[in-house]
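Undergrad: Return a 3D structure for these sequence lines:
(4 chains)
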Protein chains: 2
Amino acid sequence: MTTRPGPRERLLDAARELTYSQGVQVGVDAILKRADVARRSLYQHFGGKDGLVAEVLRSDGGLDRYRQVMNEAGDDPRERVLAVFDELDVITSRPAFRGCRYTAAELALTDPAHPAHAEVRAFKEGLHRLMAAELTRHGHPDPDAGADQLLVLIDGVLAHAVTRPGARPALAARALAEAVLAAPK
Amino acid sequence: MTTRPGPRERLLDAARELTYSQGVQVGVDAILKRADVARRSLYQHFGGKDGLVAEVLRSDGGLDRYRQVMNEAGDDPRERVLAVFDELDVITSRPAFRGCRYTAAELALTDPAHPAHAEVRAFKEGLHRLMAAELTRHGHPDPDAGADQLLVLIDGVLAHAVTRPGARPALAARALAEAVLAAPK
DNA sequence: CGCATCGTATACCGATCGTTCTATCTATTT
DNA sequence: AAATAGATAGAACGATCGGTATACGATGCG
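TA: Take a look at the predicted model:
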């Protein structure tokens, strides 16, 4: 018999689900109800809603998922990068898809002092490093600029898929990713 | 001496500014105060906040701005398309830049029944037609797919610029737009 | 045992949300 | 001049917001 996770984990899980499906503007009451946790525990563990939201982003493990997709694609940097876009096509085709959690948070949170902004930035920079590393191994002449292009493609797919579900933007982006990979060595 | 615009125009202007700088979650009170308009006028003209937000998107004239940028670039489809990305570099470099108004609205409004969603979709499809028309004139083998790629690039630039201001994503995307235009004829 | 810690449950706070209402004023129209 | 429509000002509505306070139960450790 498995023991129930503690309030902290339950809060993180509930907040992760609800802030994605309902946006970061979900009420704390909804999160508390979903987590089946006392109101006080939220403020005890995270100091408030802002802290909880930031921790959701920090502990989301988005970078690990990118790493895993690439690792399953083998060793060739080219295949590893293209695998990301194949996976994006799967993700954006799911009915529950609601866009990139980080971009959505960045746009929804007006206050520049919100702790979530730092997590968004950290994620995007980590992703940039991830892609630049692949391009370096691939022999790309300017891995930094190439990674910028890949990030634009990724963000574009995730943003565009929200508004035009039938467009399969990941497939369109995949062809452009091949252009990035085809840069003269 | 110029006469002051009516309450309807003042409401639209105020809502346009505030929903962009503060997000669609701005309070009605803030909009009313900025527009210097009676509370009742809002519900008289737009039926409620949802109607006002939807009308802001509908009357925003975003497509006209794209058209204008392309017209100023001359007749050559290639120059016209690339001019869009040059303009995006300018827009995303402005301090007041806060992302794409339509994408932000789409992500922030959870309720699928919100009237704003239809306006977002109409805008994106209009933009798609705009780009496909240029590619057709340019002799692109698959204008529809090419337009998909351009839209991914545009959405990617607008989304990415919010999180990594120094990255100049429009320049990265411009190079990829050239790849779209270089498709075999 | 005795005590502290953690979690729960619930009541409550002031503030703000979108919306409806009444009342008054002004401009145009008949 | 009278009537009508549109706009203004402001109170008030119930609901919900994030956050705090109080009281009680369970658990762990000395």
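Undergrad: does the longest helix anywhere in chain A come close to DNA strand D?
TA: Counting residues, the longest helix found in chain A (DSSP state H) is helix A:116-138. No - figure legend: helix A:116-138 not in contact with DNA strand D (C-beta under 7 Å from any atom of the strand); closest approach 12.9 Å. C-betas here are computed from N, CA, C, even on glycine.
Undergrad: Give me the angle between the following helix or strand past that helix and helix B:143-163.
TA: The first helix or strand that comes after helix A:116-138 along the chain, using DSSP states H and E, is helix A:143-163. With axes from the mean of the first three to the mean of the last three C-alpha atoms, to 10 degrees as the basis, helix A:143-163 and helix B:143-163 are set at 110 degrees to each other.
Undergrad: correct me, but residue A:37 touches residue A:12?
TA: No - in this structure residue A:37 lies outside contact range of residue A:12 using C-beta atoms under 8 Å: 10.5 Å.
Undergrad: got the contact list for residue A:168?
TA: Applying C-beta atoms under 8 Å, 6 or more residues apart in numbering or on different chains, we find residue A:168 in contact with A:89, A:92, A:93, B:148.
Undergrad: Please name the nearest non-neighbouring residue to the second one.
TA: In this case it means residue A:92. residue A:161 (3.7 Å; C-beta to C-beta, 6 or more residues apart in numbering or on different chains).
Undergrad: Can you give me the buried ones in stretch A:89-106?
TA: A:89, A:91, A:92, A:98, A:99, A:100, A:101, A:102, A:103, A:104, A:105, A:106 (16 or more other C-beta atoms under 10 Å in any protein chain shown).
Undergrad: which one among the residues you listed gets closest to DNA strand D?
TA: Nearest to DNA strand D among those: residue A:105, at 13.6 Å, using C-beta to the nearest atom of the strand.
Undergrad: Verify the stated contact: the closest one with residue A:54.
TA: No - with contact defined as C-beta under 8 Å, residue A:105 does not reach residue A:54; the gap is 9.1 Å.
Undergrad: what's the overlap in contacts for the two?
TA: Residues touching both residue A:105 and residue A:54 (C-beta under 8 Å, 6+ apart): residue A:116.
Undergrad: residue contacts, residue A:56?
TA: Neighbouring residues of residue A:56 by C-beta under 8 Å, 6+ apart: A:12, A:15, A:16, A:19.
Undergrad: Would you mind giving the domain segments of chain A?
TA: When chain A is parsed with automatic domain parsing, its domains come out as A:7-58, A:62-181.
Undergrad: Please identify the most buried of the ones you listed.
TA: domain A:62-181 (a mean of 19; mean count of other C-beta atoms under 10 Å in any protein chain shown).
Undergrad: start to end distance for that domain?
TA: End-to-end distance for domain A:62-181, by C-alpha to C-alpha, to the nearest Å: 23 Å.
Undergrad: what are the phi and psi values for the residue of chain A found nearest DNA strand D?
TA: With C-beta to the nearest atom of the strand as the measure, residue A:27 is the residue of chain A nearest to DNA strand D, at 2.5 Å. Dihedral angles of residue A:27 (phi, psi; degrees, to the nearest 10) stand at phi -80, psi 150.
Undergrad: State the pLDDT value of it.
TA: Looking at residue A:27, its pLDDT is 97.
Undergrad: repeat for residue A:185
TA: 72.
Undergrad: just to revisit the earlier point, which one of the contacts of residue A:56 sits closest to residue A:143?
TA: residue A:16 (32.1 Å; C-beta to C-beta).
Undergrad: close to DNA strand C, is the helix or strand that contains the closest one?
TA: In this assignment (DSSP H and E), residue A:16 forms part of helix A:7-21. Yes - Helix A:7-21 is in contact with DNA strand C by C-beta under 7 Å from any atom of the strand, via A:7, A:8.
Undergrad: Now do that helix: everything it contacts.
TA: The contact list for helix A:7-21, computed with C-beta under 8 Å, 6+ apart, reads A:4-5, A:26, A:30-32, A:34-38, A:41-42, A:45-46, A:52-53, A:55-56, A:59-60, A:96, A:98, A:101, A:105, B:110.
Undergrad: check those against DNA strand C, which are close?
TA: A:36, A:37, A:38, A:41, A:45.
Undergrad: What values do phi and psi take at the first one?
TA: In terms of degrees, to the nearest 10, the main-chain angles of residue A:36 are phi 50, psi 60.
Undergrad: Nearest residue to the middle of chain A?
TA: What sits nearest the mean C-alpha location of chain A, by C-alpha atoms, centre = their mean, is residue A:62, with 4.8 Å.
Undergrad: Would you pull up the residue in chain A closest to chain B?
TA: In chain A, the residue that lies nearest chain B is residue A:156 (2.5 Å; C-beta to the nearest C-beta).
Undergrad: Pull up the gap between that residue and residue A:127, please.
TA: Remark: distance between residue A:156 and residue A:127 (C-beta to C-beta, to the nearest Å) = 14 Å.
Undergrad: what's the answer for residue A:53, then?
TA: 20 Å.
Undergrad: next one: residue A:69
TA: Distance from residue A:69 to residue A:127, by C-beta to C-beta: 12 Å.
Undergrad: Give me every residue in chain A that's in contact range of DNA strand C.
TA: Contacts of chain A with DNA strand C, taken as C-beta under 7 Å from any atom of the strand, map to A:6, A:7, A:8, A:36, A:37, A:38, A:39, A:40, A:41, A:44, A:45.
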